[in-house]
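Visitor: Here you go, sequence then predicted model.
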Amino acid sequence: MTLNKDQIGGLIFLCLSLTYGYYAGQVDMLPGDEFEPFNARSLPLALATLGALISALLLTTSSLGKDRNDDTLSLAGFDLLLTGKMLGLIVLFGLALHWIGFLLSTALFLLAGYWLLGERRPKMLLLSSVPFAIGIWFVLTQLLDIYLAPGQLITLLMGA
Amino acid sequence: MLDGIFTGLATAVMPFNLMMVVVGCFAGTFIGMLPGLGPISAVALMIPVTYGLDPSSGIILMAGVYYGAVFGGSTSSILINAPGCASTVVTAFDGYPMAQKNQAGKALALAAWSSFTGGTVGAIILLFAAPALASVSLSFQSSDYFALMLLGLTAVAAFSGKGQVLKALIMTIFGLMIATVGTDVMSGATRFTFGSIDLIDGVSFLLLAMATFALTEVVMTIMRGQHKEKEAKMDMAALGSMKLSREEILEVAPTVARSSVFGFIVGVLPGAGATIASFLAYGLERNLASAKQKLQFGKGALRGLAAPESANNAASTGSFVPLLTLGIPGSGTTAIMLGALIAYGIQPGPRLFVDNPDVFWSVIISMYFGNLVLLVLNLPLIPYISRLLAIPRPILIPLILFFSVTGVYLVSFNTFDIQMMVVITVIALLLKLLEFPMAPMLLGFILGGIMEKNLSRSLTLSDGSFSFLWDRPLTLSITLIAVVLMLLPLVRSLLERRGKTRQANGPEVAVMEGEG
């Protein structure tokens, strides 16, 4: 049995609503708040119920439709590997910011990004990453007076 | 009202704010020209920049970017048949055939003049409609606000298109769910933080908007392999004349007037927006045309280009009416602006033009300037702006990714936000592949906090009873409209399904009857 897009979406949101509802019941409240007409759990519980109901409705309507198998999710033609690499690069950029600071991580992020997307000319790779990173760093730190931490690794090395 | 207009004029003509209009229009035109990036992404990319500005300048900049992006989208539709956003898809129907006939210059000029007229007509109607509506809504109480939020959320779902209503409703609820993450403002209780300090303040609006629109759209182009496409080659020498003859102006004048008013009305409806306006205006114009003129549609008809261009700009202006007067965004782009205003500590809605008249009026006045800038500066500079499109995609895409990510990082200086952006982007990509609309989610997220506050207040005042929904005629009326709007598409789809089943069963019944 192949699930169509609506069925997959409906199932995902049904699970999400049930999980959300479970955690909504775990929200800590101040003593006596449970007797108030509206407390921290009220809206989340209402949303969980509504979400579950509408997801179930979407699941039902998409299962009853005659064209239910026409709209299946197909990932053919999508470059998932490259997408994963680019997203991974953003995660690494976030980590690098903490360790090696803004300037170096920006230059490396751009360099790796251009490379991943197919740019191979060394001159182009360097000229469109390093001067850009220096320019942005200069604007932020010198013109806009924004403090950018140098990075923990750099501090450690410089300190040592 | 005159005082307000003068206040707005004084704020809008300040050199810095004028510069914001110009910068916004240029930046918007460039971003709007990039295939895949539309006004929502363009405005989202500008949010970090506006945080350093005062509210009036920030909103003026965003309004300029909005107009510029719609205009930029039209330009790439006409020149390379690649609409930058959904609202300019129709522009390509007749704009691109004109460009193929070496009339690109004329098509661009007509698009710019139509946009200008549409935007100007829209701005003039807004000038009178917004204060009138705002003064009526000054008598609103918390129960009315709650009903209004409900109306805004259901309207977005109702206008989301055929077969999308349930999905839009689910996305709205998803947005409301995300809004509950963090500390509850009423009781101080933490919700759904799972012990993480980074989630105590909740999910930031900027992060969510950037991840779901700017980042997701760009990553989507990588996923589809669009970064491998050759940069659009545009022969600027073949643009041709940018002048329109007297006969041509007379031919399109009634179309532009009709479509401007029509577009504004459609734009005012929450959730309808510029895309629906442009499609409807094109359809209307085609229906009004004579049989001979009808044949020209799709082959470079002037009226076919003027109608959607006037309508989408007028609708963009119209979508500011519910935003400025009721605090309900009329489109995804105005939803982002609403979030930005809330981040400034300004609550759009009936009290905006009383509490912050400078913001209210300067936005309206600067809209006019925005249209003027597009016409006077952007149009002659199109050959130069479009050269930016020649930047190779493998260079352009990482740069946009960098601006999206650092835009969020430079506000919080917390690298956790970058990791969270990636997680949200992955979720948004999956939802996009499953064809779930993103705008209702953002709207739910933005309105969630205000809605919960007003619901809590109303329930406390009515001692836990839901009678506040029907005690006041105004609340009851708004709630009823919301219920009708929500039920209408469901009933319609059920009726259509029944009709289809009957049609499908029809022949079988006949055979059976025949057999009998």
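Guide: That came through fine.
Visitor: Sketch out the low-pLDDT regions of the stretch 201-350 of chain B for me.
Guide: Under the criterion pLDDT under 70, the flagged ranges of the stretch 201-350 of chain B are B:230-239, B:270-272, B:330.
Visitor: how about the residues of it that lie near chain A?
Guide: B:219, B:222-225, B:227-228 (Cβ under 8 Å from any Cβ of the partner chain). Quick note: C-beta positions are derived from backbone N, CA and C, even for glycine.
Visitor: Apply 10 Å and report the result again.
Guide: Counting by Cβ under 10 Å from any Cβ of the partner chain, the positions of the stretch 201-350 of chain B adjacent to chain A are B:215, B:218-220, B:222-228.
Visitor: Which PyMOL command selects the buried ones in those?
Guide: Listed next is the PyMOL selection for buried residues among those, using 16 or more other Cβ atoms under 10 Å in any protein chain shown:
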select buried, chain B and resi 215+218+219+220+222+223+226+227
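Visitor: Keep only those of the residues of the stretch 201-350 of chain B next to chain A that are in helices.
Guide: Members of these lying in helices (criterion: DSSP state H): B:218-220, B:222-223.
Visitor: which two in the residues of the stretch 201-350 of chain B next to chain A are spaced the farthest apart?
Guide: In terms of Cβ to Cβ, these reach their longest pairwise distance at B:Leu215 and B:Lys228, which sit 19.9 Å apart.
Visitor: A:Leu144: neighbour count?
Guide: The tally of other residues near A:Leu144 (other Cβ atoms under 10 Å in any protein chain shown) stands at 10.
Visitor: Correct me if wrong: it contacts B:Tyr51.
Guide: No: under the criterion of Cβ atoms under 10 Å, A:Leu144 is not in contact with B:Tyr51, lying 11.8 Å apart.
Visitor: Where does the prediction get shaky in chain A?
Guide: Counting by pLDDT under 70, the ranges of chain A that qualify are A:1, A:65-70, A:160.
Visitor: ok, B:Ser462 touching B:Leu469?
Guide: Yes: the pair B:Ser462 and B:Leu469 qualifies as a contact (Cβ under 10 Å) at a distance of 9.0 Å.
Visitor: higher neighbour count, the two?
Guide: For B:Ser462 against B:Leu469, the residue with the higher neighbour count under other Cβ under 10 Å is B:Leu469, and the figures read 18 against 15.
Visitor: what pLDDT does the more buried one get?
Guide: If you check B:Leu469, the pLDDT there is 88.
Visitor: how far away is it from B:Ile391?
Guide: The span separating B:Leu469 from B:Ile391 equals 54 Å under the rule Cβ to Cβ, to the nearest Å.
Visitor: What of B:Ser458?
Guide: For B:Ser458, the distance to B:Ile391 (Cβ to Cβ) stands at 53 Å.
Visitor: The two: who's more crowded?
Guide: Applying other Cβ under 10 Å to B:Ser458 and B:Ile391 shows that B:Ser458 carries more neighbours, namely 25 against 14.
Visitor: one step back: what sits in contact with each of B:Ser462 and B:Leu469?
Guide: When contacts are counted by Cβ atoms under 10 Å, 6 or more residues apart in numbering or on different chains, the set common to B:Ser462 and B:Leu469 consists of B:Ser143.
Visitor: Without its sequence neighbours, what residue ends up closest to the most centrally placed residue in chain A?
Guide: Within chain A, the residue whose C-alpha comes closest to the C-alpha centroid is A:Leu87; the distance, by Cα atoms, centre = their mean, is 8.8 Å. If the residues on either side of it in the chain are set aside, A:Leu87 comes closest to B:Val422, at 5.3 Å by Cβ to Cβ, 6 or more residues apart in numbering or on different chains.
Visitor: What is the neighbour count of the one you found?
Guide: Neighbouring residues of B:Val422 were enumerated by other Cβ under 10 Å; the total is 21.
Visitor: quick one, phi/psi of it?
Guide: phi -60, psi -40 (degrees, to the nearest 10).
Visitor: quick one: contacts for it?
Guide: B:Val422 is in contact with A:86-91, A:93-94, B:211, B:215, B:219, B:405, counting by Cβ under 10 Å, 6+ apart.
Visitor: Strands of the stretch 51-200 of chain B, residue ranges please.
Guide: Using DSSP state E, counting those that start in this stretch, the strands of the stretch 51-200 of chain B run over B:182-183, B:190-191.
Visitor: among those, which is nearest chain A?
Guide: Go through the strands of the stretch 51-200 of chain B one by one with Cβ to the nearest Cβ and the one that ends up closest to chain A is strand B:190-191, at 5.0 Å.
Visitor: Now do the helix or strand just after that closest one: which elements does it pack against?
Guide: Proceeding N to C from strand B:190-191, the next assigned helix or strand is helix B:205-209, under DSSP states H and E. The elements that helix B:205-209 packs onto, with contact taken as 3 or more Cβ pairs under 10 Å, 6 or more residues apart in numbering or on different chains; DSSP states H and E, are helix B:39-50, helix B:165-179, helix B:332-343, helix B:393-412, helix B:415-433, helix B:439-461.
Visitor: Mind listing residues that contact helix B:205-209?
Guide: The list of residues contacting helix B:205-209 from outside it, by Cβ under 10 Å, 6+ apart, reads B:40-41, B:43-45, B:47-48, B:51, B:175, B:178-179, B:202, B:215, B:332, B:335-336, B:338-340, B:342-343, B:407-409, B:411-412, B:414, B:417-418, B:420-421, B:424, B:428, B:438, B:441-442, B:445-446, B:449.
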